[in-house]
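*Asks:* A predicted structure for the sequence below; I have some questions about it.
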Amino acid sequence: MTEDLRRTLDRLVAIDMSTMDRSGLREVATLINEARSWLDGIDVKVARRMGEITRRAPDTAAGTEDIASTLSGGGRRSQREARKPAARAAVCEKLRALEAALDSGVVSGEHLDGVANAIRDLRPSERARLGEIGDELLSAASTQTPETFARSARRIVETLTEPERARPDAESRLARQKRRAKVTTWVDQATGMHKLLAELDPETAAKVTAALDAKLDELMNREGNADVALPRLRVDALVELVTNQADGAKRVPEVYVHIDYWTLIGEVHQNSLCELNDGIPIPAETARRLCCDADIIPVVLGGPGDELDCGRSRRTANREQRRALRALYRTCAHPECAVPFEHCDIHHVRFWEALGRTDIDNLAPLCHRHHHLVHEGRWRLAMSPDRVITLTRPDGTVHFHGSTVDRSPHHGTAPDADLPQRPPGERPAAA
């Protein structure tokens with residue numbers, strides 16, 4: 001494999017793209033895909049070796065985290081992509097023929113992803129029979145695109161399903177679909193657009209669709225909407241459904257806009273801070289308009305009326321503490337995690353069970369995965385009073401040491417020149 005890979009890379013480096021015709025470019029694409037498959041194969045071997053080093057199977061949470069940290073290449077590769085080799089390595093452990101095909105450039109890492117998704121819900125007894133369908137999976141993967149193969153893999157894997165699960169009755173199927181229903185939100189970092197994906201069981205989907213269609217029909221006939229584009233009206237219909245209560249009263253959601261005092265009063269400066277909770281910047285004018293229709297929620301650590309130190313009187317963070325932490329963190333406090341603050345648990349740095357206090361300087365947001373790793377995965381997290389964390393791996397090596405606060409310390413700090421003096425005792429506030 002090594003010599004084949006070297007020859008392919010040498011050919012790619014020597015190609016003059018400016019002289020290529022369509023046929024030549026297709027040949028170049030073939031070489032690129034072969035090289036990518038070989039590199040995916042090397043990824044699998046790295047993942048397997050990392051699993052051996054950490055003495056965990058490659059598909060366990062802690063093993064996956066270690067593998068992802070190694071393969072992220074110091075931040076040159078997204079964590080999502082860096083975690084895939086662990087799942088691919090688990091597939092190759094069961095289906096060695098697929099690994100050989102990957103090494104030879106016949107299939108790609110994306111084909112292995114299709115298998116990993118198809119076998120995710122198999123019982124151990126069903127997973128043990130994967131070898132029975134190895135040849136069929138390899139044949140399909142060798143001749144199909146990753147997208148087509150993902151569907152074929154699900155169909156092939158279903159043949160392993162034990163009889164009592166093979167053809168569930170409609171009630172059991174609906175119950176399973178309801179358990180798997182979920183709503184996911186994320187931000188497209190390239191466009192800044194917020195995405196919302198709802199995966200619903202048929203019954204729930206029918207209710208939501210009927211309500212959305214009825215609201216859309218109402219908006220289409222509402223005065224002033226004749227020239228509004230249909231996609232925009234669908235968005236407006238969804239917003240009205242979500243924000244209007246059954247009794248017709250307007251539900252005003254609590255929207256956090258982090259803005260410093262000087263920008264709020266109209267003095268935009270080089271260190272202005274004006275962004276939503278997840279770090280997406282918005283115009284200062286928009287923030288001021290939102291403030292006209294909202295209560296101002298000041299986030300000043302230790303301010304009057306906010307109970308930020310609860311000691312041992314309560315176990316969970318209160319609303320004021322979450323607001324204060326929200327002003328410091330856009331995301332999970334793990335240095336390589338982009339899970340938004342809203343989806344994080346509030347973690348006691350010194351565990352509650354170890355007499356840790358529910359005080360603001362003992363709390364930090366962690367997503368579910370990293371929270372699990374700190375508690376059950378034997379990772380250790382320590383934090384200094386100025387919120388510098390030390391994250392230590394299970395083997396005792398330091399993975400990260402540095403600040404956990406991901407809002408710039410310079411944001412909200414106005415230059416001395418060209419701005420009025422700050423009133424005595426006034427601090428920047430977040431609304």
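*Replies:* Sure thing, it's come through. What you are looking at is a predicted structure, and each value in this text was computed from that prediction instead of being measured.
*Asks:* now Leu196, which residues is it bridged with?
*Replies:* Thr185 (DSSP bridges).
*Asks:* okay, it and Arg222: tell me how far apart.
*Replies:* 23 Å (C-beta to C-beta, to the nearest Å). In this view, the C-beta of every residue, glycine as well, is placed from N, C-alpha and C.
*Asks:* go on, Arg83?
*Replies:* Arg83 is 47 Å from Arg222, by C-beta to C-beta.
*Asks:* more neighbours: the two, which one.
*Replies:* Neighbour totals were compared for Arg83 and Arg222, and Arg83 leads with 18 against 12 (other C-beta atoms under 10 Å).
*Asks:* tell me the pLDDT at that one?
*Replies:* You'll see Arg83 listed with a pLDDT of 84.
*Asks:* just the element for it, please.
*Replies:* Following DSSP states H and E, one finds Arg83 within helix 79-94.
*Asks:* okay, now the domains of the chain?
*Replies:* 2-167, 183-243, 257-292, 299-431 (automatic domain parsing).
*Asks:* endpoints of the second one, how far apart?
*Replies:* Between the opening and closing residues of domain 183-243 there is a gap of 17 Å (C-alpha to C-alpha, to the nearest Å).
*Asks:* chain center to it: distance?
*Replies:* Distance of domain 183-243 from the chain centroid (C-alpha atoms, centre = their mean, to the nearest Å) equals 23 Å.
*Asks:* just the last one next, same as before
*Replies:* For domain 299-431, the distance from its own C-alpha centre to the chain's C-alpha centre is 19 Å (C-alpha atoms, centre = their mean).
*Asks:* circling back: among the domains of the chain, which is nearest Leu174?
*Replies:* For Leu174, the closest of these is domain 183-243, at 6.1 Å, according to C-beta to C-beta.
*Asks:* list the contacts for Val115?
*Replies:* 91, 95, 98, 137, 141, 153, 157 (C-beta atoms under 8 Å, 6 or more residues apart in numbering).
*Asks:* contacts only, for the first one.
*Replies:* For Val91, the contact set (C-beta under 8 Å, 6+ apart) comprises 98, 112, 115-116, 119.
*Asks:* among those, name the buried ones.
*Replies:* Neighbour-count burial within the contacts of Val91 applies to 98, 112, 115-116, 119; the criterion is 16 or more other C-beta atoms under 10 Å.
*Asks:* ok, those vs Asp345, which is closest?
*Replies:* Ala116 (26.7 Å).
*Asks:* need the three-state assignment for the closest one.
*Replies:* Here Ala116 is recorded as helix under DSSP: H, G, I helix; E, B strand; the rest coil.
*Asks:* isn't it right up against Arg88?
*Replies:* Yes - using C-beta atoms under 8 Å, Ala116 is in contact with Arg88, at 6.6 Å.
*Asks:* which SSE is immediately downstream of the helix or strand of the chain with the lowest mean pLDDT?
*Replies:* In the chain, the helix or strand scored least confidently by mean pLDDT, DSSP states H and E is helix 163-166, which has a mean of 56. Note on helix 163-166: by DSSP H and E, the next helix or strand toward the C-terminus is helix 170-180.
*Asks:* okay, which residue is most central for this structure?
*Replies:* Val339 (4.8 Å; C-alpha atoms, centre = their mean).
*Asks:* now do the SS call for Gly279.
*Replies:* coil.
*Asks:* low pLDDT regions in the stretch 1-150 of the chain?
*Replies:* 1-2, 55-66, 73-75 (pLDDT under 70).
*Asks:* re the thing from before, would you format the domains of the chain as JSON lines with distance to Arg176 included?
*Replies:* Shown next, in JSON lines, are those (distance: least, C-beta to C-beta, whole Å):
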{"stretch": "domain 2-167", "distance to Arg176": "9"}
{"stretch": "domain 183-243", "distance to Arg176": "9"}
{"stretch": "domain 257-292", "distance to Arg176": "32"}
{"stretch": "domain 299-431", "distance to Arg176": "22"}
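*Asks:* out of these, nearest to Ala175?
*Replies:* domain 183-243 (8.7 Å).
*Asks:* where do the strands sit along this structure?
*Replies:* 182-187, 194-199, 257-259, 274-276, 345-348, 363-366, 380-383, 388-392, 398-403 (DSSP state E).
*Asks:* so for Val13, which of those sits nearest?
*Replies:* strand 398-403 (35.4 Å).
*Asks:* quick one: that closest one to strand 388-392, angle?
*Replies:* 170 degrees (axes from the mean of the first three to the mean of the last three C-alpha atoms, to 10 degrees).
*Asks:* need the residues that contact strand 398-403.
*Replies:* With C-beta under 8 Å, 6+ apart, strand 398-403 has contacts from 69, 335-336, 379, 386-393.
*Asks:* turn those residues into CSV, columns for distance to Thr54 and neighbour count.
*Replies:* What follows is the contacts of strand 398-403, written out as CSV (distance: C-beta to C-beta, whole Å; neighbours: other C-beta atoms under 10 Å):
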residue, distance to Thr54, neighbour count
Ser69, 11, 18
Pro335, 19, 16
Glu336, 17, 17
Trp379, 11, 19
Asp386, 31, 9
Arg387, 28, 16
Val388, 26, 13
Ile389, 21, 20
Thr390, 20, 14
Leu391, 15, 22
Thr392, 14, 17
Arg393, 8, 19
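*Asks:* and the furthest pair within those?
*Replies:* Among these, Ser69 and Asp386 lie farthest apart (C-beta to C-beta), at 24.8 Å.
*Asks:* the residue nearest to the centre of the chain against Ala333, yeah?
*Replies:* No - if you go by C-beta under 8 Å, Val339 and Ala333 don't touch, sitting 10.1 Å apart.
*Asks:* right, and Ala97 touches Glu136 too?
*Replies:* No - the pair Ala97 / Glu136 is not scored as a contact, 10.7 Å apart, by C-beta under 8 Å.
*Asks:* reformat the contacts of strand 398-403 as CSV; add distance to Cys367.
*Replies:* Converted to CSV, the contacts of strand 398-403 look like this (distance: C-beta to C-beta, whole Å):
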residue, distance to Cys367
Ser69, 15
Pro335, 12
Glu336, 11
Trp379, 13
Asp386, 23
Arg387, 17
Val388, 20
Ile389, 15
Thr390, 19
Leu391, 14
Thr392, 18
Arg393, 18
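*Asks:* show me which of these is closest to Val257.
*Replies:* Arg387 (22.5 Å).
*Asks:* distance of the closest one relative to Ala324?
*Replies:* Taken as C-beta to C-beta, the span from Arg387 to Ala324 is 12 Å.
*Asks:* again with Ser403
*Replies:* For Ser403, the distance to Ala324 - C-beta to C-beta - is 16 Å.
*Asks:* cool, and Cys274?
*Replies:* Distance from Cys274 to Ala324, by C-beta to C-beta: 19 Å.
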